[in-house]
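Peer 1: Have a look; sequence and predicted model below, questions after that.
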Amino acid sequence: MLAIREYNVALSQPHAPGYFLYVMLGRIVNVFVGDPHASLVWISVMAGAGLVATMYLLGVAMFGRWVGVTACLVTLTSPLVWFFSCIALTYVLDAFLVCVLVLWCWRAMRRNVLWIDAIGLGAMLAVIGGIRQQSLFGLAPLVLFTLWQSKSRRGLKIVIGSLACVITIAVWLSAMLAMTGGWVAYSAALKQITQFHAHKTLLGGGWSALSWNVFFAGLYCLDGVMLGALALPFTFRHDCDRGAFHLLALWLAPVCLLGVVVGYTEAPGHVFTYLPCLLLLCGIGLARVRARAVVVAAVCGFNLFVFLAWPLAWNNVLWGTVPTARMLRDQNALIVRTVRLIRQRYKPEETIICHGHGNLFFGLRHFQLYLPEFASYRTDHDEAMVVPVGKPLLRAWNGQLEFVDTIDLSGKNTLLLVMPPGGDIGRLKPFWSGLGISNPQPVKDSDGLLYVAPIKKP
């Protein structure tokens with residue numbers, strides 16, 4: 001969301017590989033909405049709705065009306081789809097576009113792959129790569145397979161489709177590099193974040209990393225399909241259209257292998273490129289069970305229960321990864337309450353804010369967006385970013401992020417320390433002692449997230 005105001009991969013706005021077309025779409029929406037965060041949330045909401053509709057069309061086109069209905073319903077009620085349709089991330093938009101691509105591939109094969117299909121599929125693959133670059137490589141085999149099914153001028157259509165893909169990539173890649181500061185700056189940021197995450201991959205972390213990737217991929221897929229997984233044994237029957245399953249296999253296998261073998265899977269959103277395929281398979285199985293209306297109603301009812309009414313005491317089920325509406329409400333309330341408290345009690349010209357460590361859900365980036373008038377520093381080094389020599393600290397001020405050499409205390413009389421939920425303030429004692437500041441005290445009504453200390457004048 002910060003990239004809507006200032007696109008700079010070197011500052012992780014957004015982090016590499018860049019998600020260029022997603023950010024540019026956010027900028028277009030922001031012209032009408034006027035709020036970067038709300039703009040990206042609206043994109044997720046609309047993409048989530050589009051995903052449900054496309055799943056219906058995909059199911060009908062490939063397996064018939066009942067499969068379309070059941071696939072639509074399990075997608076509509078999937079806790080994971082619902083959750084990510086409410087937050088500002090690329091995952092649901094990626095899933096929606098992937099489903100559109102798969103539907104196009106199926107229809108193209110049915111009509112012997114026209115020239116417009118070859119050009120359109122190549123260009124759309126490139127567009128998906130501009131939204132989420134990781135998906136480009138996993139979906140390339142599916143597009144090539146589709147073009148290969150042409151019964152006339154197959155080789156030329158593959159060449160034309162490939163050219164359409166390369167040209168479209170060249171357009172958005174050149175624009176992205178220009179906004180990032182050139183290839184050198186971009187490649188340095190990409191190399192840094194790749195090295196940072198290398199230990200999570202098979203190549204960098206060995207079999208242990210692969211095992212964890214497989215475990216989390218399975219866990220997050222289960223979060224997405226829930227009870228629909230019980231219908232998977234009913235999916236494959238002798239009367240199935242084998243061509244349809246071949247297409248689904250070329251959708252599922254490459255992106256799944258890319259996520260767990262070549263790359264890594266550590267967040268629920270990482271399965272979204274192939275989660276719709278699993279939801280479609282669940283829809284096929286549900287459409288073939290006895291008393292399917294009752295079974296589908298039970299599965300969808302349970303999904304709704306999980307997202308809307310999952311008891312707090314059950315939070316540790318599935319290792320605490322079950323996505324719920326309560327998580328969204330609590331996270332939003334936490335940020336709103338903290339921002340309001342700081343604005344009410346402290347003045348930006350007198351106060352400096354320091355963050356104990358980086359946190360994806362409650363950290364420097366949130367303060368950069370919601371408290372731009374305060375100077376905020378991150379006290380630890382972000383190892384996923386390239387740090388300029390002699391400037392190890394990140395500072396957010398006036399909505400801008402920059403690297404600085406030291407914390408500027410001039411003119412300030414109050415230090416606020418921010419600790420994410422579950423953080424240990426004692427870990428920061430060397431930091432505040434080095435600034436000559438006495439022990440910070442908890443801020444009233446901050447739930448242990450804020451600590452305050454006076455800054456002694458020299």
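Peer 2: Cool, got the structure. Predicted, not measured: the structure shown is a model, and the values here were computed from it.

Peer 1: Next, find the distance separating residue 8 from residue 164.
Peer 2: 29 Å (Cβ to Cβ, to the nearest Å). Yep, even glycine has a C-beta here, placed from its N, CA and C like the rest.

Peer 1: Excluding its own residues, what touches the helix or strand of the chain with the lowest mean pLDDT? List them.
Peer 2: Confidence across the helices and strands of the chain bottoms out at helix 429-434, with a mean of 83, counting by mean pLDDT, DSSP states H and E. Counting by Cβ atoms under 8 Å, 6 or more residues apart in numbering, the neighbours of helix 429-434 from elsewhere in the structure are 354, 379, 415, 417, 438-440, 453.

Peer 1: burial measure for the nearest residue to residue 231 once chain neighbours are set aside, as a count.
Peer 2: The spatially closest residue to residue 231, leaving aside those adjacent along the chain, is residue 285, at 3.2 Å (Cβ to Cβ, 6 or more residues apart in numbering). Burial of residue 285 is recorded as 24 neighbouring residues (other Cβ atoms under 10 Å).

Peer 1: Go ahead and list the helix or strand containing residue 285.
Peer 2: Assigning secondary structure by DSSP states H and E places residue 285 in helix 275-287.

Peer 1: that older thread, average model confidence for the very next helix or strand once past the least confident helix or strand of the chain?
Peer 2: Proceeding C-terminally, helix 429-434 gives way to strand 441-442 as the next helix or strand, assigned by DSSP H and E. Predicted confidence along strand 441-442 averages 92 (mean pLDDT).

Peer 1: quick one: contacts of strand 441-442?
Peer 2: For strand 441-442, contacts defined as Cβ under 8 Å, 6+ apart pick out 448, 450-453.

Peer 1: how far is that strand from where the chain is centred?
Peer 2: 35 Å (Cα atoms, centre = their mean, to the nearest Å).

Peer 1: what do you get for stretch 46-54?
Peer 2: Centre to centre, stretch against its chain (Cα atoms, centre = their mean), the figure for stretch 46-54 is 16 Å.

Peer 1: Run through who's touching it.
Peer 2: Stretch 46-54 is touched from outside by 72, 75-76, 81-82, 84-85, 92-93, 95-96, 99-100, 103, 276, with contacts defined as Cβ under 8 Å, 6+ apart.

Peer 1: Out of the residues you listed, which is nearest to residue 409?
Peer 2: Ranked by distance to residue 409 (Cβ to Cβ), these are led by residue 84 at 40.8 Å.

Peer 1: Kindly provide the distance from that closest one to residue 255.
Peer 2: Applying Cβ to Cβ, the value for residue 84 to residue 255 is 17 Å.

Peer 1: Tell me which of these two has more neighbours.
Peer 2: Residue environment comparison for residue 84 versus residue 255 gives the larger neighbour count to residue 84, 27 against 24, counting by other Cβ under 10 Å.

Peer 1: State the distance from the more buried one to residue 12.
Peer 2: Counting by Cβ to Cβ, the separation of residue 84 from residue 12 is 21 Å.

Peer 1: Kindly report the same for residue 450.
Peer 2: Residue 450 sits 25 Å away from residue 12 when distances are taken as Cβ to Cβ.

Peer 1: about what we covered before: for the least confident helix or strand of the chain, the distance to its chain's centre please.
Peer 2: What separates the centre of helix 429-434 from the centre of its chain is 35 Å, taken as Cα atoms, centre = their mean.

Peer 1: check contacts around the spatially closest residue to residue 192 that is not a sequence neighbour.
Peer 2: Among residues not flanking residue 192 along the chain, residue 386 sits closest, at 4.8 Å (Cβ to Cβ, 6+ apart). Listed by Cβ under 8 Å, 6+ apart, the contact set of residue 386 reads 10, 188-189, 192.

Peer 1: in stretch 426-440, what counts as buried?
Peer 2: Buried positions in stretch 426-440, judged by neighbour count with 16 or more other Cβ atoms under 10 Å: 428, 432, 437, 440.

Peer 1: in the stretch 301-450 of the chain, what spans have low per-residue confidence?
Peer 2: Counting by pLDDT under 70, the stretch 301-450 of the chain contains no low-confidence range.

Peer 1: which residues in it form helices?
Peer 2: Counting by DSSP state H, counting those that start in this stretch, the stretch 301-450 of the chain forms helices over residues 325-345, 364-370, 429-434, given from the N-terminal end onward.

Peer 1: got the ones you listed as CSV, with distance to residue 136 columns?
Peer 2: What follows is these, written out as CSV (distance: least, Cβ to Cβ, whole Å):
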stretch, distance to residue 136
helix 325-345, 30
helix 364-370, 26
helix 429-434, 42
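
Peer 1: Domain parsing of this structure, as residue ranges.
Peer 2: What automatic domain parsing lists as the domains of the chain is 2-311, 328-454.

Peer 1: can you tell me the distance between the two ends of the first one?
Peer 2: Using Cα to Cα, to the nearest Å, the gap from the first to the last residue of domain 2-311 comes to 34 Å.

Peer 1: swap in the last one?
Peer 2: This stretch, domain 328-454, spans 34 Å end to end (Cα to Cα).

Peer 1: ok so, going back, of all the contacts of residue 386, which two lie farthest apart?
Peer 2: Within the contacts of residue 386, two members stand farthest from each other by Cβ to Cβ: 10 and 192, at 9.3 Å.

Peer 1: picking up where we left off before, okay, the domains of the chain, which one's buried deepest?
Peer 2: Highest mean neighbour count of these: domain 2-311, a mean of 19 (counted as mean count of other Cβ atoms under 10 Å).
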